[in-house]
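# pasting a predicted model and its sequence here:
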Amino acid sequence: MRIELRATAFDPLAELAGYQAETAVLAGSFGATALFIGTMRDSNEGQSVRKMTLEHYPGMTERQLQNIVEESRKHWPFDDVLVIHRVGELLPADPIVLIAVWSSHRGIAFDACRHILEALKHRAPFWKKEALEHGERWVETNTSGYVSGS
Amino acid sequence: MRIELRATAFDPLAELAGYQAETAVLAGSFGATALFIGTMRDSNEGQSVRKMTLEHYPGMTERQLQNIVEESRKHWPFDDVLVIHRVGELLPADPIVLIAVWSSHRGIAFDACRHILEALKHRAPFWKKEALEHGERWVETNTSGYVSGS
Amino acid sequence: MTIRVRYFASLRERMGRADEELVPENLASVADVWKAVCEGQPLPENILCAVNMEYAHADTAVKDGDEVAFFPPVTGG
Amino acid sequence: MTIRVRYFASLRERMGRADEELVPENLASVADVWKAVCEGQPLPENILCAVNMEYAHADTAVKDGDEVAFFPPVTGG
């Protein structure tokens, strides 16, 4: 299990490959890996976004991520988890967050991955500030992660 | 969009990196990538499994995968999708299936990825035969992908 | 013309063959095809069937030149 | 001993400072801390608060040495 904040750009697939290589003892046992990668979009609410700054609350952010992962593991007893989240300055297409959950049961892997993402969006102390063509703005609130009617 | 059967071992993360490099024009637009990787387990129903053979129905398997992906895209209008599924002989820890869905909405990416996996498990013509320590057996039915009570 | 019948996985092994061709006389439905290859037995509930690579039912119509397939529940993914 | 108060994101910019220290006289709850730094105003509903890095409410007790934080809704992920 690893939960990490990163101050510089990271490659989610390389991180995954590295983490899986370290934990290769699990390779034949888990069966299901559910993953989510969130990347910075080049536009938001109709305006193009040049750059983004991710502020966080050092200490509390790590603690809340830990709480979220532990709470998820009680509900969905997965085998292993990797969470990496950016802080600092990001450019469009830069990865923001990687969540990987390994389990022998695909339902557990999917549900835990999604729950960790939703909980992170609602409770982990991160704040996005967007640099637009002209000026800056704070992102005010995260959108819902669920699709109505589905 | 790509749907592919593979007769030899593949590296899901390398496939993803390659596919994303080809479709880099999307990079700043999608925001959310949901992924599922299914790998061969080294045991099943209390017995250790040495090897697995994945039989399929050439022509029908490709057609059913196409049907599943198109039907999912109608419900969850995602931006792009990559599906790779193994056929032939597999060893423990070998990847069986990779499903990647790109969308600007994380709920769409997650729901479509999961729906494609469940539909594939129930409708795509693949059959697993396991080689045990002594003898062989056909896997009779896929387990449920949903976690009861969650 | 004929109807091509195909079997997969454990059913292929039980039948002892992967495919065969039938002259489509008195073969109006998938159930008729099954009876013709299985000595008059009804189609078991746990056997799936397809006509021309789309899922079908026991009463799906078949015609000259069709490919009819029978197989056990699928276990991919 | 003092209570350390911290502000983040748009609230930090509005307050014009990232943190400050208060002498904990007459400060029994998070709401009291907010009043002390915001000229007697009640804590707005859309401002979240934490005591010692765990989420808290307006009526959560505070004591000497605590770190109290105020911030807008979070937008990570």
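Cool, got the structure.

# alpha carbons only for contacts and neighbour counts from here, please
Noted.

# using the three-state scheme, assign A:His67.
Actually, residue A:67 is Asn. It isn't His. Under DSSP: H, G, I helix; E, B strand; the rest coil, the three-state class of A:Asn67 is helix.

# tell me how many other residues crowd it.
If you count neighbours by other CA atoms under 10 Å in any protein chain shown, A:Asn67 ends up with 16.

# equivalent analysis for the one 4 residues further on, please.
Under the neighbour criterion other CA under 10 Å, A:Glu71 is assigned a count of 16.

# what does chain C put close to chain D?
The interface of chain C toward chain D, taken as CA under 8 Å from any CA of the partner chain, is empty, with no residues included.

# now do the helices in chain C.
The residue ranges that make up the helices of chain C, judged by DSSP state H, are C:9-15, C:30-37.

# so which of those is the most packed in?
Among the helices of chain C, the stretch with the highest mean neighbour count (mean count of other CA atoms under 10 Å in any protein chain shown) is helix C:30-37, at a mean of 20.

# quick one: which of the helices of chain C is nearest chain A?
Taking CA to the nearest CA as the measure, these were each checked against chain A, and helix C:9-15 came out nearest at 22.5 Å.

# run the chain-centre distance for the closest one.
Computed by CA atoms, centre = their mean, to the nearest Å, the chain-centroid distance of helix C:9-15 equals 12 Å.

# and if you look at stretch C:58-68?
9 Å.

# thinking again about what came up before, can I get the helices of chain C in TSV including distance to C:Ala61 and mean pLDDT?
Shown next, in TSV, are the helices of chain C (distance: least, CA to CA, whole Å; pLDDT from 0 to 100):
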stretch	distance to C:Ala61	mean pLDDT
helix C:9-15	22	97
helix C:30-37	6	96
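
# any chance of those helices in JSON lines, plus distance to B:Arg137?
Compiled in JSON lines, those are given as follows (distance: least, CA to CA, whole Å):
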{"stretch": "helix C:9-15", "distance to B:Arg137": "9"}
{"stretch": "helix C:30-37", "distance to B:Arg137": "25"}
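
# to D:Glu20, which of those helices lies closest?
For D:Glu20, the closest of these is helix C:9-15, at 71.9 Å, according to CA to CA.

# count the neighbours of whichever residue of chain C sits closest to chain A for me.
Checking chain C residue by residue against chain A with CA to the nearest CA singles out C:Gly77 as nearest, at 9.9 Å. By the measure other CA under 10 Å, the count of residues near C:Gly77 is 27.

# now do the contacts for residue 77.
Just going to use chain A. A:Pro77 makes contact with A:103, A:108 under the criterion CA atoms under 8 Å, 6 or more residues apart in numbering or on different chains.

# hmm, no, I was thinking of chain C.
Contact criterion CA under 8 Å, 6+ apart gives B:38, B:85, B:96-97, B:117, B:120-121 as the residues in contact with C:Gly77.

# quick one: A:Leu117 is in a helix?
Yes. Assigned with three-state DSSP, A:Leu117 falls within a helix.

# wait, it touches A:Ile99, no?
Yes. Under the criterion of CA atoms under 8 Å, A:Leu117 makes contact with A:Ile99 at 7.3 Å.

# after the helix-or-strand element of chain A with minimal mean pLDDT, next one along is what?
The helix or strand of chain A with the poorest confidence is strand A:43-44; it has a mean of 90 (mean pLDDT, DSSP states H and E). Of the helices and strands lying after strand A:43-44 in sequence (DSSP states H and E), the nearest is strand A:47-56.

# just the C-alpha atoms of that following strand, please, in PDB.
In PDB, the C-alpha atoms belonging to strand A:47-56 read as follows (Å, rounded to 0.1, in the frame of the first residue of the first chain):
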ATOM      1  CA  GLN A  47     -12.900  28.700 -21.100                       C
ATOM      2  CA  SER A  48      -9.500  27.500 -22.000                       C
ATOM      3  CA  VAL A  49      -7.200  26.800 -19.100                       C
ATOM      4  CA  ARG A  50      -3.400  27.400 -19.600                       C
ATOM      5  CA  LYS A  51      -2.200  26.200 -16.200                       C
ATOM      6  CA  MET A  52      -3.400  25.000 -12.900                       C
ATOM      7  CA  THR A  53      -2.100  25.300  -9.300                       C
ATOM      8  CA  LEU A  54      -3.100  22.600  -6.800                       C
ATOM      9  CA  GLU A  55      -2.900  23.900  -3.200                       C
ATOM     10  CA  HIS A  56      -3.000  21.400  -0.300                       C
END
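
# check which helices and strands that strand is in contact with.
Secondary structure elements in contact with strand A:47-56, counted by 3 or more CA pairs under 8 Å, 6 or more residues apart in numbering or on different chains; DSSP states H and E, are strand A:88-90, strand A:126-132.

# can you map out the helices along chain A?
Per DSSP H, chain A carries helices over the ranges A:12-22, A:60-75, A:106-123.

# and for the second one, what are the contacting residues?
Just to be clear, that refers to helix A:60-75. Counting contacts by CA under 8 Å, 6+ apart, the residues outside helix A:60-75 that touch it are A:3-5, A:112, A:115-116, A:119-120, A:123-126, B:150, D:53-54.

# which single residue of chain C ends up nearest chain D?
When CA to the nearest CA is the measure, chain C has its nearest residue to chain D at C:Gly77, with 28.9 Å between them.

# okay, that residue: pLDDT?
As predicted, C:Gly77 sits at a pLDDT of 96.

# near chain B, which residues of chain A? Just list them.
Residues of chain A that fall close to chain B, judged by CA under 8 Å from any CA: A:13-14, A:17, A:27-43, A:75, A:92-93, A:105-108, A:110, A:114, A:144-147, A:150.

# try it again at 6 Å.
Among all residues of chain A, those adjacent to chain B (criterion: CA under 6 Å from any CA of the partner chain) are A:13, A:27-29, A:31-42, A:92-93, A:106-107, A:145-147.

# show me the residue at the heart of chain A, geometrically.
Among the residues of chain A, the smallest C-alpha distance to the mean C-alpha position (CA atoms, centre = their mean) belongs to A:Val97, namely 3.2 Å.

# residues contacting that residue?
For A:Val97, the set of contacting residues under the criterion of CA atoms under 6 Å, 6 or more residues apart in numbering or on different chains consists of A:37-38, A:84-85, D:77.

# same list (these) but as CSV, adding distance to A:Glu71.
Formatted as CSV, the entries for the contacts of A:Val97 read as follows, by distance: CA to CA, whole Å:
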residue, distance to A:Glu71
A:Ile37, 21
A:Gly38, 22
A:Ile84, 18
A:His85, 18
D:Gly77, 18
